[in-house]
Structure formats: C-alpha cells, structure tokens
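> One predicted model, sequence on top.
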Number of protein chains: 2
Amino acid sequence: MSTPSPSRAPRRDAAENRESLLAAARLVFNHDPSASLEAVAAQAGLSRRSVYGHFANREELLLEIVTTGARRVATALESVTHPDPLVRLALIASNLWREVESVRVMALVAVRGPLAAHTAATLGAIRANVRAAIAEGQADGSMRTDLAVGRLARLVEDTALVVLEDSTEHPLGAQEGDRLAMLMTLAVVGLGWREAGTFIDGRPELAWPAATEPDIESDRETETVPE
Amino acid sequence: MSTPSPSRAPRRDAAENRESLLAAARLVFNHDPSASLEAVAAQAGLSRRSVYGHFANREELLLEIVTTGARRVATALESVTHPDPLVRLALIASNLWREVESVRVMALVAVRGPLAAHTAATLGAIRANVRAAIAEGQADGSMRTDLAVGRLARLVEDTALVVLEDSTEHPLGAQEGDRLAMLMTLAVVGLGWREAGTFIDGRPELAWPAATEPDIESDRETETVPE
DNA sequence: AATAACTTGCACAGTGTTGTGCAAGTTATT
DNA sequence: AATAACTTGCACAACACTGTGCAAGTTATT
C-alpha cells in the first residue's frame, strides 16, 4: 500500500518549488499578511496556479509557515533552564529575539491573528515556562507581586512583541535588540533600570557571545542602545 | 447664498441616523475593523443603502470616526501639565486609558493601520509631550538614560497600547486599568516596581477620583490588580 | 394636507480575491 | 527516448464586498 507500483519517484525539483513557495510566502506575508497568492507565487517565480499543486488552499500554506515557525521557536526556547528565574526570563527574551528577529511580522500574525488558537498549543510550553519563572520569582521576592501571575506573564510576552514591533520600523542591531529585549522584560517584572542593567552585566550567561574573530570592532562602545 | 430659497430645513432625524451610524460603526469596527457596511448598517438599524446617504464611502466613515476620536484624545491629553515629568507621564498614561478604554480596537487601528498617517498629525502633540517629559526626566535623573529619547518614547507609547490590548482579551476594571497603565509606563522609564507603586500612592494627582456617591462599594479591596 | 427630506429594496456593474478543470507545455527521472 | 511528474495559462464559477441608479415607500416639517 506504500508503493502502489505503476508509478515513479516524485521529482526532486517539486520539493524545491515547494520550499520556494514557503520562502516566498514567508517573505511576502511578512511584508503584508493579507497579500494575495498571486504575489506569493510571483515572488517564488512560479504561477499562482501551481501553488495549488503544493497546498490545498491559502489557509494550508499559511498554516504550514506558522506552525513550523512556532515549532522552531518553541524548541529553541523550551531548552532554556536556569536556577535563577530572572536569568531564565532574560534568556527566554534573548532567545526569542534571536529566533524571531527576521520574521517579525509573521510572528505577530502567528500570535495575534486568527491562527493564534492553532499556535497556542505549540507555544503553550513557552508560556508555561514564562509563567513558572514568574511564579517562582514572585515567591522568592525577586519579582513584583502587585500583579497576578497570569497578567504579568501576558505583559511580559506582549512586551517582547513590542520590542519586535518597534524594531520593525526603527531597525536595531542584533546585539542591541537582544539587550533591549532583556531590559524590557526585567523592567516589566519589576526591576529598576540600573538594577536591570547591572543584573545583565553581572551574569556571563546573559552576555552577548564573544565574536569568533577576536575584537574586530572592540573600539565600538555599546553601553547604550542607540535610537 | 446660504439659503438657496426653494428648499426646506433638513430633517432632524437624519442627523440622528448619522449619529447612529457612527455609533454603530464604532461598535462594530471595534469588534472587527474589516467588518462590512452591511454589518454596520444592521447594527444601526438601517439599511446598507442608507449609509451612502450620509457618507460618500466606507473610507469617509472610517475617517470620521478615527479623526474625531483622535481629536478627542488629543485635546484630553494635551492639557496635561505638571512640573514633575514622571507625574506628567503617569497622567498621560492614565488619561489615555480613560479616553480610549471603550474604543480600544479602533484606537489600535487608528494608530497602527493605514490611517496612521492621517492621525499622526493630530496625535503629534501628544507624542511631543511624551518626548519632552522623557527628555526632562532623563536630564533630572528621574528616568533611565540607557535608551535614547526617541526609542524610549516609542516604547512608552507601545506599552500603553499593550495594556489596551491585553485588557481587550482579559477585561480589567476601569480603576485597575488606570493603575496598570501608570505602573507599566513608570516601569518602562526605569522605575522599580516598589518605587513606582509608592510614587503613585504618594501623589494625590494620580489617585483615582473619589466616588461621587460616598463608598458605595468601599468593601472591595483594590490594592492589587487581579488577573 | 402638501411636500421636501429621508429611507428602503432591488438590480446591477465592478473589483479582487480564491479555488477548479483541462489541455498543452516543460523537465527530471528511468 | 519514453514517460511520469510537474508547471502553466486560460477559462470559469463562486464569493464577498463596494458603490450607484431608481422607483416606491415613509416621515418630519411647514
């Protein structure tokens, strides 16, 4: 039943085209989530008609992008573990930024749009992780206790998205964005800005990974995040 | 030239219907910004056809809602003046919440959607106000200086919108929302959570206005913002 | 009661999209 | 070189919506 018999192996370029379409869709939808399939196909260098050779409908295409993206982010983030809940949160923020930076708009769609319900399951693990870290931080006194866990968790999430949104219109270097994501997260959970800054600087886990080629731009001051 | 002569005064109910349509549009579009005029008309108890008796097209209707809304908010906020820039920011956040609470989604559309360019002028005054407060706060050491004014200003704005968004899905009492808006704003500009809390509690200007009818639900604790 | 002002319902044109069928073409695989 | 796998272009139906014209109705105003 696995090999009906009178057929041949599927062509390899078909798979490539499928990937082209996915890549094109990521690009185009990241610019305008409600773009037409015509636009996507054009970007992929294919015809609109052929889209339907790979995906049953628009919905399915969209869904594939979003779910694989969500899975990618989820696996990257659920590996984050650290005894200190503040560090854990900061690491989550940092990793999220790195993963999602290049597909910001789609990420927002995935989280906000009608597909939110579908990604909720995949992203549930992350959410749980954030929630747990906050509960722990509230318990040990390192995070604010004037807001309920659930609300605070959502505010933390949304704040991460804010950084993404803002950087969409006002670009930010990878490193600056990384730091900003952490700073904002810490701010929301209750740390004052000096506290947050020294906290980050004091933990090697939160440091920006040293360049592979040693100090190639070590003369560049990065104390502050420029506009 | 003001009264051509062979006509009559316009009917009073027409103006009412126009208002009904605007109210309906606010309601419906606030639920789904891309809803059809059919839906709007139905909500107003009128026919789709009659919409065109009052507005040239969809765009014009949308525009009227957004611009009058923006004007309303702008006039409410530009009157905010206070020597202390922190208080000023908190007041802006607080007033914004009160003005916009009931039309959250439309507010987001007005600020984010394609009409953003149109409202930008109206809301420019507020933005300038926020920016000025931040610059002042940075100068006198009451706000963080690790982020540039422009970026910080945008983050403050976006954070206000986050509170609006979150409260759309997870409703919040008027007073709780008010306080949360202030807390988040202060957090973003650098205050630790205890600092922010005592700051708000220490300024009568930032207190929730006393009920007109004395303590009608005074038994309700509102120290914390529930989920 | 007369009449202008307004509303309504219907029909219709136009637009932009999605999704399908099919015949003819191109291309990878065997 | 044969052939299945894939792409393409075109035509077509369907849908949901916007905007307009018009004749017939209803209602406020005078």
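Here it is on my side, so go on.
> Quick check: which element contains the residue nearest the centre of chain A?
Centroid-nearest residue in chain A, with CA atoms, centre = their mean: residue A:100, separated by 3.0 Å. Assigned by DSSP states H and E, residue A:100 belongs to helix A:85-100.
> Show me what counts as buried in that helix.
Across helix A:85-100, burial judged by 16 or more other CB atoms under 10 Å in any protein chain shown covers A:85-97, A:99-100. Bear in mind the C-beta positions are built from the backbone N, C-alpha and C, glycine included.
> That one near chain B at all?
No. Counting by CB under 8 Å from any CB of the partner chain, chain B is not contacted by helix A:85-100; separation bottoms out at 13.0 Å.
> Please apply the same query to stretch A:122-130.
No. Stretch A:122-130 does not reach chain B (CB under 8 Å from any CB); its nearest approach is 13.7 Å.
> and that stretch, how far from the chain's centre?
From the chain centre to the centre of stretch A:122-130 is a distance of 13 Å (CA atoms, centre = their mean, to the nearest Å).
> Please enumerate residues in contact with that stretch?
Applying CB atoms under 8 Å, 6 or more residues apart in numbering or on different chains, the contact partners of stretch A:122-130 are A:67, A:70-71, A:73-74, A:77-78, A:80, A:88-89, A:92, A:111, A:153, A:156-157.
> Show the average pLDDT along that stretch.
On average, the pLDDT along stretch A:122-130 is 90.
> Any stretches of chain A with poor pLDDT?
A:1-6, A:212-227 (pLDDT under 70).
> Could you break it into its assigned domains?
The record's domain parsing of chain A by automatic domain parsing lists A:12-55, A:63-209.
> Show me how far the helix holding residue A:100 is from its chain's centre.
With CA atoms, centre = their mean, you get 10 Å for helix A:85-100.
> Give me the packing partners of that helix, helices and strands only.
helix A:58-78, helix A:116-139, helix A:149-169, helix A:174-188, helix A:193-202 (3 or more CB pairs under 8 Å, 6 or more residues apart in numbering or on different chains; DSSP states H and E).
> Redo these as a markdown table? Include mean neighbour count.
Converted to a markdown table, these look like this (neighbours: other CB atoms under 10 Å in any protein chain shown):
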| stretch | mean neighbour count |
| --- | --- |
| helix A:58-78 | 17 |
| helix A:116-139 | 17 |
| helix A:149-169 | 20 |
| helix A:174-188 | 23 |
| helix A:193-202 | 16 |
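> Now residue A:147. Its backbone dihedrals?
Reported as degrees, to the nearest 10, the phi and psi values for residue A:147 are phi -130, psi 150.
> what does residue A:32 give?
Dihedral angles (degrees, to the nearest 10) for residue A:32: phi -150, psi 100.
> Over to the one 3 residues further on?
When read as degrees, to the nearest 10, the backbone of residue A:35 gives phi -60, psi 160.
> Give me the distance between the residue nearest to it when sequence neighbours are not counted and residue A:55.
Residue nearest to residue A:35 in three dimensions, not counting chain neighbours: residue A:28, with 4.9 Å by CB to CB, 6 or more residues apart in numbering or on different chains. Using CB to CB, to the nearest Å, we find residue A:28 at a distance of 14 Å from residue A:55.
> same deal with residue A:178?
34 Å.
> what do you get for residue A:208?
39 Å.
> Equivalent analysis for residue A:207, please.
For residue A:207 relative to residue A:55 (CB to CB), the value is 43 Å.
> Please identify which of those two sits among more neighbours.
Ranked by neighbour count (other CB atoms under 10 Å in any protein chain shown), residue A:207 and residue A:55 place residue A:55 first, with 18 against 11.
> if I look at that one, how far off is residue A:156?
Residue A:55 is 35 Å from residue A:156, by CB to CB.
> Show me which residues of chain A sit near DNA strand D.
A:6-11, A:13-14, A:17, A:41, A:45-47, A:49-50, A:53-54 (CB under 7 Å from any atom of the strand).
> just these that are near DNA strand C?
Counting by CB under 7 Å from any atom of the strand, the members of the residues of chain A next to DNA strand D near DNA strand C are A:8-9, A:11, A:13, A:49.
> Check these against residue A:183 and report the nearest one.
residue A:13 (46.7 Å; CB to CB).
> next structured bit after whatever helix or strand that closest one lives in?
Element membership for residue A:13 (DSSP H and E) is helix A:12-31. Downstream of helix A:12-31, the next assigned helix or strand under DSSP H and E is helix A:37-44.
> what residues does that next one touch?
By CB under 8 Å, 6+ apart, helix A:37-44 touches A:17, A:20-21, A:23-25, A:27-29, A:47-51, A:58, A:61.
> With stretch A:193-206 instead?
A:82, A:86-87, A:90-91, A:94, A:179, A:182-183, A:186-187, A:191, A:207, B:144, B:146, B:189-192.
> residue contacts, residue A:155?
So residue A:155 contacts A:147, A:188, B:162-163, B:166, B:184 (CB under 8 Å, 6+ apart).
> In JSON lines, list the residues you listed along with distance to residue A:125.
Listed next are the contacts of residue A:155 as JSON lines, based on distance: CB to CB, whole Å:
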{"residue": "A:147", "distance to residue A:125": "23"}
{"residue": "A:188", "distance to residue A:125": "21"}
{"residue": "B:162", "distance to residue A:125": "23"}
{"residue": "B:163", "distance to residue A:125": "26"}
{"residue": "B:166", "distance to residue A:125": "21"}
{"residue": "B:184", "distance to residue A:125": "26"}
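> quick one: which of these is nearest residue A:36?
residue B:162 (31.0 Å).
> Might one say that the closest one is in contact with residue A:158?
Yes. Using CB atoms under 8 Å, residue B:162 is in contact with residue A:158, at 4.4 Å.
> can you list the domains of chain A in TSV and add distance to residue B:33?
Shown next, in TSV, are the domains of chain A (distance: least, CB to CB, whole Å):
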stretch	distance to residue B:33
domain A:12-55	12
domain A:63-209	13
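> which ones are touching residue A:62?
A:25, A:29, A:115.
> Swap in 10 Å and give it another go.
Residue A:62 makes contacts with A:25, A:29, A:33, A:55, A:106, A:109-110, A:113-115, A:118, as judged by CB atoms under 10 Å, 6 or more residues apart in numbering or on different chains.
> out of those residues, who's near chain B?
Among the contacts of residue A:62, none lies close to chain B by the criterion of CB under 10 Å from any CB of the partner chain.
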